[in-house]
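[1] Build me a structure from this.
(one chain, ligands or ions: 1)
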Amino acid sequence: MTDGWMARIDGALAQRRREQTYRERRALSGGNDRLIRDGNRQYLNFSSNDYLGLARHPAVIAAWQQGAITAGVGAGGSGHVTGYSLLHQRLEQRLADWLCFPRALLFTSGFAANQAVVGALTASGDHILVDRLSHASLLEAAMHSPATLRRFAHNDADALKHLLRRDCAGNRLVITEGVFSMDGDRAPLPALAEITRAAGGWLMVDDAHGIGVVGEEGRGCAWAPAGRPDLLVVTFGKAVGVSGAAVLCAAPVAEYLLQFARHLIYSTAPPPAQIAAIDAALTVVRRGDALRQRLWDNIARFRRGAAALGFALTPSDTAIQPLVIGDNLRTLQLAQRLRERGVWLTAIRPPTVPPGGARLRITLTAAHLADDIDTLLEALADAQL
Ligand SMILES: *Cc1c(COP(=O)(O)O)cnc(C)c1O
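    Next comes the predicted model:
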């Protein structure tokens, strides 16, 4: 008798290996920093989303420690039971004030926030229109919704307009990212917001890679008055250096999510100590112009050097600077060659990116030194892309 479960699992694993898309984790010692250690070798880290280097910031670490002592390491329940503290309430208020929305709701992760919002808001008969290159958490949420899902061409406002004209039944939710996680380019938010509003729909923007990095005080991509979304998701695991997320929205939407978002109701609230750390990190982010300047300098240095070496750069002006290679095996081999030269880069392969779009996803941070960027460029030249 064949075991159906094992046959499915073995088949799927074999296919991943055949297609060079098998994923493996590495247990690194010493945490995520400018340098990372794997075994007894040290590497320059160009794969981290900790864009401002806040995961190691003394004030953030001290706030976590102090928060653990005064308020504990566990929330003890969901926010609807006893997991919602004055710390949580204050951070929500602070986020709402900072980003100029009536309300903010905290979530344990960006993945959960996206699932919760799309799942709770959309119903059968609605239309979800999502940029084709949106993050897996958004696409997955849209696929699970009983609403009709349509993907529009990446950053193409006209394509969205066309779809909105065609699909006019039900409520329309347009979803995009501020800065695209695998490409580093930005969405044309003013155009998307205008088109969506004209059609009577709502715009949802996931600004996981824009918050803390882009805009005045690091307020992200959705800050400019012309491109303001109806729903904004920000995450704290990237430039904020910690973990968690928030949804910013109108007051009735927040109340609705509190009633119907299962990820809030049936899940333990983020630990108070973590909330204290996010709060401290937010203070650093808001005053972080010097850190952001270091990041912009590193981005400019990389782009200048890479262009001089003749690499095909994407239009990204953000911390995410992919070198698209195409073939999966070749991308893996290049990542390996770079590793031999002391540079840690992750080979990003389908299905994280479209088929044929395998790439080296380089992320630059404020923690990198100019010398680090030069080492990266030398390694790239040596690796013969
Ligand atoms: C990382 C990421 C998420 C998920 O956020 P987590 O807090 O890590 O779960 C969601 N959306 C985008 C665009 C991301 O890059």
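[2] Tabulate the CA atom coordinates of stretch 82-91 in PDB.
    Output for stretch 82-91, consisting of C-alpha atoms alone and laid out as PDB, is shown next (Å, rounded to 0.1, in the frame of the first residue of the first chain):
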ATOM      1  CA  THR A  82      -5.400  40.500  28.900                       C
ATOM      2  CA  GLY A  83      -2.600  40.900  26.300                       C
ATOM      3  CA  TYR A  84      -3.300  44.600  25.500                       C
ATOM      4  CA  SER A  85      -1.300  46.800  27.800                       C
ATOM      5  CA  LEU A  86      -0.700  50.500  28.200                       C
ATOM      6  CA  LEU A  87       2.500  50.000  26.300                       C
ATOM      7  CA  HIS A  88       0.600  48.500  23.400                       C
ATOM      8  CA  GLN A  89      -2.000  51.300  23.500                       C
ATOM      9  CA  ARG A  90       0.700  54.000  23.600                       C
ATOM     10  CA  LEU A  91       2.600  52.600  20.700                       C
END
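[3] In it, which residues are buried?
    83-85, 87-88, 91 (16 or more other Cβ atoms under 10 Å). (Each C-beta comes from the backbone N, C-alpha and C, glycine too.)
[4] Tell me the gap between the helix or strand hosting Leu106 and the middle of its chain.
    Secondary-structure assignment from DSSP states H and E places Leu106 in strand 103-107. When distances are taken as Cα atoms, centre = their mean, to the nearest Å, strand 103-107 is centred 17 Å away from the chain's centroid.
[5] bridging residues for Ile128?
    Using DSSP bridges, the bridge partners assigned to Ile128 are Leu149, Leu173.
[6] so what's it up against?
    Ile128 sits next to 118, 122, 142, 145, 147-150, 172-173, 175 when contact means Cβ atoms under 8 Å, 6 or more residues apart in numbering.
[7] Most neighbours among those residues, which one is it?
    Neighbour counts for these peak at Ile175, which has 29 neighbours (criterion: other Cβ atoms under 10 Å).
[8] Let me know the distance separating it from Ala312.
    In this structure, Ile175 lies at 29 Å from Ala312, with Cβ to Cβ, to the nearest Å as the measure.
[9] For Phe111, see how far away Ala27 is.
    Relative to Phe111, and taking Cβ to Cβ, Ala27 is found at 22 Å.
[10] on that earlier part again, what are the contacting residues of the strand holding Leu106?
    In contact with strand 103-107 (Cβ under 8 Å, 6+ apart) are residues 79, 88, 91-93, 95-96, 113, 116, 244-251, 253-254, 257-258, 261, 263-264, 269-270, 275.
[11] Select only the buried ones of these in PyMOL?
    This is the PyMOL syntax for the buried subset of these, where burial follows 16+ other Cβ under 10 Å:
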select buried, resi 79+88+91+92+95+96+113+116+244+245+246+247+248+249+253+254+257+261+263+264+269+270+275
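[12] Inside strands: which ones of the contacts of strand 103-107?
    Assigned to strands by DSSP state E, the following of the contacts of strand 103-107 qualify: 245-249.
[13] Specify which member of those residues is nearest to Leu377.
    Within the ones in strands among the contacts of strand 103-107, the smallest distance to Leu377 is 34.0 Å, found for Ala245 (Cβ to Cβ).
[14] any idea of the pLDDT on the closest one?
    What the model reports for Ala245 is a pLDDT of 98.
[15] The one 10 residues further on too?
    At Glu255, the model reports a pLDDT of 98.
[16] From the ligand, how far off is it?
    When distance is defined by Cβ to the nearest ligand atom, to the nearest Å, Glu255 is 23 Å away from the ligand.
[17] Next, the contact list for that residue, please.
    For Glu255, the contact set (Cβ under 8 Å, 6+ apart) is empty.
[18] same thing with Ala199?
    Residues touching Ala199, when contacts are defined by Cβ under 8 Å, 6+ apart, comprise 161, 164-165, 168, 172.
[19] residue ranges with poor pLDDT in the stretch 201-350 of the chain?
    For the stretch 201-350 of the chain, not a single residue meets the criterion pLDDT under 70.
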